[in-house]
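S.K.: prediction below, plus the sequence it came from.
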Amino acid sequence: MCSIVVRRGLCHGQHSFLPSASRCLSSAESFTVDNKLNFVHGESVQGRGDGVALLEPATGRRITELRYSTSDDISSAVESSAKAYRSWSQLSGTERGRYLIVLGLAVRQHREEIARLEVRDTGKVISEALVDIDSSADCLEYYGGLAASIAGQHVQLPGGNFAYTRREPLGVVGGIGAWNFPFQTCSWKIAPALAAGNTVVYKPSPLAPLSAHFLARLACEAGCPPGMLNVVQGCAAAGTSLVTHGDVAKVSFTGSCPTGSQIMQNCGKQIKPVTLELGGKSPLVIFDDASLENAVNGALLANYLTQGEVCSNGTRVYVQRSVCEQFLSACKQRVEAMRLGDPLLADTHMGAMISAPHAEKVMGFIRRAVAEGGTVVCGGDIHRPTEDYLKGGHYIQPTIFKNVNDDMEVVREEVFGPVMCVIPFDEEDEVITLANRTRYGLAAGVYTKDIQRGHRVVAKIQAGSCFLNTYNMYPVEVPFGGFKQSGIGRENGTDSLSQYTQVKSVFVEMGDTPSPGF
């Protein structure tokens, strides 16, 4: 019988993992953390590889030195998780689920702390970070509830014989996360894997490494067994060591298409299952009968959350020609009223880009779009905060383009920044063709009051997540994943559990074994 203890100090806020500066209400105060950011077998340890400065996106200030993991560090973490797997996989689903539910409760009790850490790590605004943490707690509790439901089947065969199936865990799962939703991505990967009886070694992005370490420490404080969840830091070399390790049974990756393709090749060499949640260039279709206010709200949700650094964003906004100018005018008014700046302030609408190189990459897309003939409706430049403490950060004005088309780079390629492209269309069949003219297929949105047309268009769009009169809503109960080059497999919902288990068939003969006749 397992026992779960949530330590009193943790649950009642009598101590914190975070330095006091993380609990401030502004980015003006400095923020640093210890550089022991690997978490292996219940202990925070320092990676033994090269060190790089981890910079705060909003201010450009140094948070800590991030030490990368060596291949030996990766092996130690996998060995720890393999050891934990032997006992964790033998617990009942109810017992495993209880751990996840308690961990979800601990996340809720540290909600604001974790959200502020996420802001420091990513540059996103605090209002969005709080939603991310709530979603993560939902995920842990959801799979905690589902863990006991994982079961096989009984099949009656002729002559009183029968067969049954067992749904068994895979072993040690390697998870690799992205920098735009680091805490949420970690939760989405570990919760179904752990519920199914696997253990996890998780590598966050080196650009946003802090909150995954926090979650692993929180799991330990919540009474979860050592090695159940280990966290290792590092860049591509560490990821490759994790993916190719012989004792890692499955890999789940969120990130870019080129990296996903390389991971898939590495897994293919070992015939290792993989889940990939990759990039997107999603269409948002607005018909002339749609509520203008709702359509504008949807377009803002589809383009400017997390500074536009969202894989599912609907950045190709197709608007029926008769309402296109009206839509552009309304969007421009709303976008120009957005407040950019300190992401820890509650009234800030958009924060900082993740890094200087990424900000320059996004600005490159904007400059080339102008050179190709695109018209900037608003934005289109770097935002320079007036506060001295933010001047080392990386901010880009929310941008709207018109006079662009599907042959232009800014419409074809994933910008991963606050850049909306508005393109007029005339007929339904035309816009369906335009929406599907992409190698991606992660998401899509449709705004119309004609419910028959809405369902008809959604059925024809090639995308894994489609939104009708809303956008970028991802409840944990619903599967998420892409078509085409946007990925393989699904996260969230009951579908995810099947990707962290394997089916064993058992055949039972109730009589004598029949003679083979020779």
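M.R.: Noted; the coordinates are in hand. Numbering: from 1, shown residues only.

S.K.: show me where pLDDT drops low in the stretch 251-400 of the chain?
M.R.: For the stretch 251-400 of the chain, no stretch has pLDDT under 70.

S.K.: look at the residue nearest to the spatial centre of the chain and report its pLDDT.
M.R.: With distances taken as CA atoms, centre = their mean, the residue of the chain nearest its centroid is Thr185 (3.6 Å). Note on Thr185: pLDDT of 98.

S.K.: show me what contacts it?
M.R.: Thr185 sits next to Gly177, Ala178, Pro204, Thr254 when contact means CB atoms under 8 Å, 6 or more residues apart in numbering. Where you see a C-beta, it was placed from the backbone N, CA and C, and this is true even at glycine.

S.K.: against Ala463, how distant is it?
M.R.: For Thr185, the distance to Ala463 equals 20 Å [CB to CB, to the nearest Å].

S.K.: one more: Ala236?
M.R.: Ala236 is 29 Å from Ala463, by CB to CB.

S.K.: tell me which of the two has more neighbours.
M.R.: Ala463 (25 against 10; other CB atoms under 10 Å).

S.K.: now the more buried one. Nearest residue, chain neighbours left out?
M.R.: Spatial nearest neighbour of Ala463, excluding adjacent residues (CB to CB, 6 or more residues apart in numbering): Ala444 at 4.0 Å.

S.K.: how many neighbours does the one you found have?
M.R.: Burial of Ala444 is recorded as 28 neighbouring residues (other CB under 10 Å).

S.K.: isn't it up against Gly280?
M.R.: No - the pair Ala444 and Gly280 fails to qualify as a contact (CB atoms under 8 Å) at a distance of 9.3 Å.

S.K.: dihedrals phi and psi, Val155?
M.R.: phi -120, psi 120 (degrees, to the nearest 10).

S.K.: so what's it closest to, chain neighbours aside?
M.R.: Ala163 (4.6 Å).

S.K.: ok, the helix or strand harbouring the one you found: who's next to it in the sheet?
M.R.: Ala163 is part of strand 162-169, with elements assigned from DSSP states H and E. In the sheet, strand 162-169 lines up against strand 154-156 (antiparallel), strand 501-508 (antiparallel) (DSSP bridges).

S.K.: tell me how far the shortest one lies from the chain's centre.
M.R.: Chain-centre distance of strand 154-156: 39 Å, with CA atoms, centre = their mean, to the nearest Å.

S.K.: then the last one?
M.R.: In terms of CA atoms, centre = their mean, the centre of strand 501-508 is set 32 Å apart from its chain centre.

S.K.: which residues touch that strand?
M.R.: Contacts of strand 501-508 (CB under 8 Å, 6+ apart): 150, 152, 157, 161-170, 196-197.

S.K.: I'd like the average pLDDT over that strand.
M.R.: 98.

S.K.: so for it, what gets flagged as buried?
M.R.: The neighbour-count check on strand 501-508 (16 or more other CB atoms under 10 Å) flags Thr501, Gln502 as buried.

S.K.: distance check, the spatially closest residue to Lys391 that is not a sequence neighbour against Ile396.
M.R.: Using CB to CB, 6+ apart and skipping residues adjacent in sequence, the residue nearest Lys391 is Pro385, 6.3 Å away. Going from Pro385 to Ile396 by CB to CB gives 12 Å.

S.K.: please apply the same query to Glu413.
M.R.: Using CB to CB, Glu413 is found at 16 Å from Ile396.

S.K.: more crowded one of the two?
M.R.: Each of Glu413 and Ile396 has its neighbours counted (other CB under 10 Å); Ile396 has more, 25 against 15.

S.K.: wait, the more buried one touches Met353, no?
M.R.: Yes - between Ile396 and Met353 there is a contact under CB under 8 Å: 5.9 Å.

S.K.: can you list residues touching both of the two?
M.R.: What both Ile396 and Met353 touch, as defined by CB under 8 Å, 6+ apart, is the set Gln307, Ala359, Val362, Gly417.

S.K.: let's see if you can find the most crowded of the residues you listed.
M.R.: The most neighbours of any of the shared contacts of Ile396 and Met353, using other CB under 10 Å, belong to Gln307, which has 30 neighbours.

S.K.: in contact with that one, which residues?
M.R.: If a contact means CB under 8 Å, 6+ apart, then Gln307 has Gly123, Lys124, Met350, Gly351, Ala352, Met353, Ile396, Gly417, Pro418 as its contacts.

S.K.: quick check: pLDDT value at Leu25.
M.R.: For Leu25, the pLDDT comes out at 74.

S.K.: helix/strand/coil for it?
M.R.: Put simply, Leu25 is coil when judged by DSSP: H, G, I helix; E, B strand; the rest coil.

S.K.: quick check: closest non-adjacent residue to it.
M.R.: Per CB to CB, 6+ apart, closest to Leu25 is Leu344, 6.3 Å.

S.K.: was I right to think the one you found contacts Glu56?
M.R.: No - counting by CB under 8 Å, Leu344 stays clear of Glu56, with 10.6 Å between them.

S.K.: list residues touching both of the two?
M.R.: Contacts common to Leu344 and Glu56, judged by CB under 8 Å, 6+ apart, are Ser27.

S.K.: could I get stretch 334-346 in PDB with only the CA atoms?
M.R.: Extracted in PDB, the C-alpha atoms of stretch 334-346 (Å, rounded to 0.1, in the frame of the first residue of the first chain):
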ATOM      1  CA  ARG A 334      -7.600  46.900 -30.600                       C
ATOM      2  CA  VAL A 335      -3.900  46.100 -31.400                       C
ATOM      3  CA  GLU A 336      -2.800  49.700 -31.100                       C
ATOM      4  CA  ALA A 337      -4.400  49.900 -27.600                       C
ATOM      5  CA  MET A 338      -2.400  46.900 -26.400                       C
ATOM      6  CA  ARG A 339       0.100  47.600 -23.600                       C
ATOM      7  CA  LEU A 340       3.600  46.100 -24.000                       C
ATOM      8  CA  GLY A 341       6.100  46.000 -21.200                       C
ATOM      9  CA  ASP A 342       6.800  44.400 -17.800                       C
ATOM     10  CA  PRO A 343       5.200  41.000 -18.000                       C
ATOM     11  CA  LEU A 344       4.900  40.800 -14.200                       C
ATOM     12  CA  LEU A 345       2.500  43.700 -14.100                       C
ATOM     13  CA  ALA A 346      -1.200  42.600 -14.200                       C
END
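
S.K.: I am finished for the moment; much appreciated.
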